[in-house]
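[1] give me coordinates for this.
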Amino acid sequence: MSSDLPYDEFLQLHKAQFQNAGLPEHLWKKVYEKLFGGEEGPVYDAEQVFALQYVENEGFRLVANQDLKKESDVYLVDHFWTTTAEYARTQLKHIEGLLDRVWRIADCERRLKEELKALKRQAAAAARAKALKETEERVNALKSKKEQGDNSVEADLKKAEEELNKLKLDEEEAKKETEGEEEIEMPEMDVDAKIEYALRVLAKAGLLGTYFVAKKKGIKANELKQEDVDTLIYLNDEIGSAVRYSSEPNAKLEPLVLVFSRGDVPLAFSLLWLTKDVPKDGIITRERVAVPLPTALFEDKEEGSIGNKA
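    Modelled structure (predicted):
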């Protein structure tokens, strides 16, 4: 990407965003250099110092592939999908490969299998609890009859007590079972069902971000009203989406919206930088901040709403 925009003018246009994001001042020019210094476009060099890892039962995470110092560099992260609440489902349904990539980034298959396993365990636990309750009631009823002098129930009582002891043992064993569960097969899902599930996961996992753009040019920022802006929703690429949340984060990942535009959509990226030193193989994490998503993204569907399923 080339630009005739001098750095001083670029900074004047974007300084407020840098300050609001908390980007250290000595990294501001690096953003400019990476945006416009590449021969064929922006410089995405995060893969030189970070690596994607997939952890079974946990999903993707981003780790340092070398010792890294805090605030030593800033990295561009691509918004591979930018959409609106109104067009998200249409794009996922009709843009070739988009839904599959979203499913991979959000690790939807693993998440769905985990949900199905949990439902299976809950159903089994409910069935065991029902059988335990019914057997306990039968044992108590037979004991009561025996205490009243009815010795004809002794054989039935012994059998019921054996059943009760077995159910209690089964319950204890079931509580200990954390591994070795039968593998859950992926259910058949049509495109619409996969879309609804993907959107629910993206929202619940905090993988979506938003920013606002003016519908018309020439309106001053301090004069913008809600009806003057569109809310754009974005999903970071594999690198950005693998930055996990933590109560003790070591990095920040913040959007940067360029004032000049590419077509009708402003060119936007996320900026990733370290706020703490990270050793080799250290996991890159960020603070989780609530991102209000447009309510239209969760509007009720025939099969239910994302919000109700989350």
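
[2] okay, now the unreliable bits of the protein?
    Counting by pLDDT under 70, the ranges of the chain that qualify are 1-3, 174-182, 216-226, 228, 261-266, 299-310.

[3] quick one, strands of it?
    The residue ranges that make up the strands of the chain, judged by DSSP state E, are 50-55, 59-64, 74-83, 208-214, 229-236, 244-245, 251-262, 265-274, 285-286.

[4] the third one packs against which elements?
    Here strand 74-83 is seen to pack against helix 28-36, helix 98-105, strand 229-236, helix 238-241, strand 265-274 when contacts are counted using 3 or more Cβ pairs under 8 Å, 6 or more residues apart in numbering; DSSP states H and E. For every residue, glycine as well, the C-beta is placed using N, CA and C.

[5] go with 7 Å
    In this structure, strand 74-83 makes packing contacts with helix 28-36, strand 229-236, strand 265-274, judged by 3 or more Cβ pairs under 7 Å, 6 or more residues apart in numbering; DSSP states H and E.

[6] out of these, flag the one nearest residue 13.
    Comparison of the helices and strands packed on strand 74-83 against residue 13 by Cβ to Cβ identifies helix 28-36 as nearest, at 10.7 Å.

[7] what angle do the closest one and strand 74-83 make?
    Going by axes from the mean of the first three to the mean of the last three Cα atoms, to 10 degrees, helix 28-36 is angled at 50 degrees with respect to strand 74-83.

[8] now the helices and strands packed on strand 74-83 in TSV, with mean neighbour count and distance to residue 186?
    TSV is the format used below for those (neighbours: other Cβ atoms under 10 Å; distance: least, Cβ to Cβ, whole Å):
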stretch	mean neighbour count	distance to residue 186
helix 28-36	18	40
strand 229-236	19	22
strand 265-274	20	31
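
[9] and residue 122, which of the ones you listed is closest to it?
    It's strand 229-236; of those, that one is closest to residue 122 (Cβ to Cβ) at 30.9 Å.

[10] can you dump the C-alpha coordinates of that closest one into PDB?
    Included here for strand 229-236 are C-alpha records, laid out as PDB according to Å, rounded to 0.1, in the frame of the first residue of the first chain:
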ATOM      1  CA  VAL A 229     -23.400   6.700  12.100                       C
ATOM      2  CA  ASP A 230     -23.300   3.100  11.000                       C
ATOM      3  CA  THR A 231     -22.000   0.300  13.300                       C
ATOM      4  CA  LEU A 232     -19.600  -1.900  11.600                       C
ATOM      5  CA  ILE A 233     -18.800  -5.400  13.100                       C
ATOM      6  CA  TYR A 234     -15.500  -7.000  12.500                       C
ATOM      7  CA  LEU A 235     -13.700 -10.300  13.200                       C
ATOM      8  CA  ASN A 236      -9.900 -10.400  13.500                       C
END
